[in-house]
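> sequence and computational prediction follow.
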Amino acid sequence: MTMEGAPDTSQAELEAQTLRVALNLGLDTKRLQVLHVAANEFSERAHYSVDPVKRTLKIEALPSRTGLRGAKS
(Lines give C-alpha, C1' and ligand atoms only; values in the text may rest on other atoms or scores of the structure.)
Protein backbone atom coordinates (compact mmCIF):
# COMPACT_ATOMS: atom_id res chain seq x y z
CA MET A 1 0.00 0.00 0.00
CA THR A 2 1.31 3.47 -0.81
CA MET A 3 -0.06 6.59 0.82
CA GLU A 4 -0.76 9.56 -1.44
CA GLY A 5 2.39 11.64 -1.83
CA ALA A 6 4.63 9.00 -0.29
CA PRO A 7 7.42 7.44 -2.34
CA ASP A 8 6.76 4.00 -3.82
CA THR A 9 8.24 1.07 -1.94
CA SER A 10 9.88 -1.59 -4.10
CA GLN A 11 8.70 -5.19 -3.98
CA ALA A 12 12.11 -6.22 -2.62
CA GLU A 13 11.89 -3.69 0.23
CA LEU A 14 8.36 -4.83 1.12
CA GLU A 15 9.59 -8.42 1.29
CA ALA A 16 12.61 -7.45 3.39
CA GLN A 17 10.40 -5.43 5.75
CA THR A 18 8.02 -8.37 6.14
CA LEU A 19 10.89 -10.70 7.02
CA ARG A 20 12.21 -8.15 9.57
CA VAL A 21 8.79 -8.04 11.23
CA ALA A 22 8.70 -11.84 11.37
CA LEU A 23 12.18 -11.86 12.92
CA ASN A 24 11.13 -9.23 15.47
CA LEU A 25 8.18 -11.46 16.39
CA GLY A 26 10.67 -14.20 17.24
CA LEU A 27 10.16 -16.34 14.15
CA ASP A 28 13.05 -18.24 12.59
CA THR A 29 13.28 -16.61 9.17
CA LYS A 30 16.18 -18.71 7.81
CA ARG A 31 13.83 -21.04 5.92
CA LEU A 32 10.93 -18.61 5.53
CA GLN A 33 9.93 -17.63 2.00
CA VAL A 34 7.66 -14.85 0.84
CA LEU A 35 4.37 -15.79 -0.81
CA HIS A 36 2.58 -13.15 -2.86
CA VAL A 37 -1.21 -13.44 -2.68
CA ALA A 38 -3.74 -11.22 -4.41
CA ALA A 39 -6.11 -9.40 -2.06
CA ASN A 40 -9.16 -11.03 -3.67
CA GLU A 41 -7.92 -14.46 -2.51
CA PHE A 42 -8.91 -13.41 1.02
CA SER A 43 -12.55 -12.99 0.08
CA GLU A 44 -13.95 -15.52 2.51
CA ARG A 45 -14.06 -15.12 6.27
CA ALA A 46 -11.87 -18.05 7.17
CA HIS A 47 -8.61 -19.20 8.63
CA TYR A 48 -5.90 -19.49 6.00
CA SER A 49 -2.75 -21.59 5.90
CA VAL A 50 -0.10 -22.10 3.24
CA ASP A 51 0.49 -25.30 1.35
CA PRO A 52 4.31 -25.28 1.34
CA VAL A 53 4.58 -27.74 -1.55
CA LYS A 54 2.18 -25.95 -3.90
CA ARG A 55 3.00 -22.50 -2.41
CA THR A 56 -0.70 -21.60 -2.38
CA LEU A 57 -3.22 -20.53 0.24
CA LYS A 58 -5.51 -23.13 1.76
CA ILE A 59 -8.82 -22.13 3.29
CA GLU A 60 -9.40 -23.79 6.63
CA ALA A 61 -12.82 -24.10 8.21
CA LEU A 62 -13.60 -21.65 10.97
CA PRO A 63 -13.90 -23.31 14.37
CA SER A 64 -17.39 -23.91 15.60
CA ARG A 65 -18.70 -21.15 17.83
CA THR A 66 -20.74 -23.72 19.75
CA GLY A 67 -19.48 -24.04 23.27
CA LEU A 68 -17.11 -21.07 23.13
CA ARG A 69 -19.10 -19.11 25.68
CA GLY A 70 -20.85 -20.53 28.64
CA ALA A 71 -19.63 -24.02 27.97
CA LYS A 72 -19.87 -26.40 30.87
CA SER A 73 -17.21 -29.04 31.26
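That came through, no problem.

> who does residue 47 form a beta bridge with?
Beta-bridge partners for residue 47, by DSSP bridges, are residue 60.

> how close does it sit to residue 61?
Distance of residue 47 to residue 61, computed by C-beta to C-beta, to the nearest Å: 7 Å. Quick note: C-beta positions are derived from backbone N, CA and C, even for glycine.

> higher neighbour count, those two?
Neighbour totals were compared for residue 47 and residue 61, and residue 47 leads with 11 against 7 (other C-beta atoms under 10 Å).

> measure the more buried one to residue 53 for me?
Using C-beta to C-beta, one gets 19 Å for the distance from residue 47 to residue 53.

> now do residue 5
According to C-beta to C-beta, residue 5 stands 42 Å off from residue 53.

> low-confidence stretches in the chain?
Counting by pLDDT under 70, the chain contains low-confidence ranges at 1-2, 65-73.

> pull the number of nearby residues for residue 10.
For residue 10, the neighbour count with other C-beta under 10 Å is 9.

> er, residue 57 I mean
For residue 57, using other C-beta under 10 Å, the count is 16.

> where does it land in three-state SS?
Assigned state for residue 57: strand (three-state reduction, DSSP: H, G, I helix; E, B strand; the rest coil).

> what does the helix or strand harbouring residue 14 contact?
If you go by DSSP states H and E, residue 14 is part of helix 11-24. With C-beta atoms under 8 Å, 6 or more residues apart in numbering as the test, helix 11-24 has contacts from 9, 29, 32, 34.
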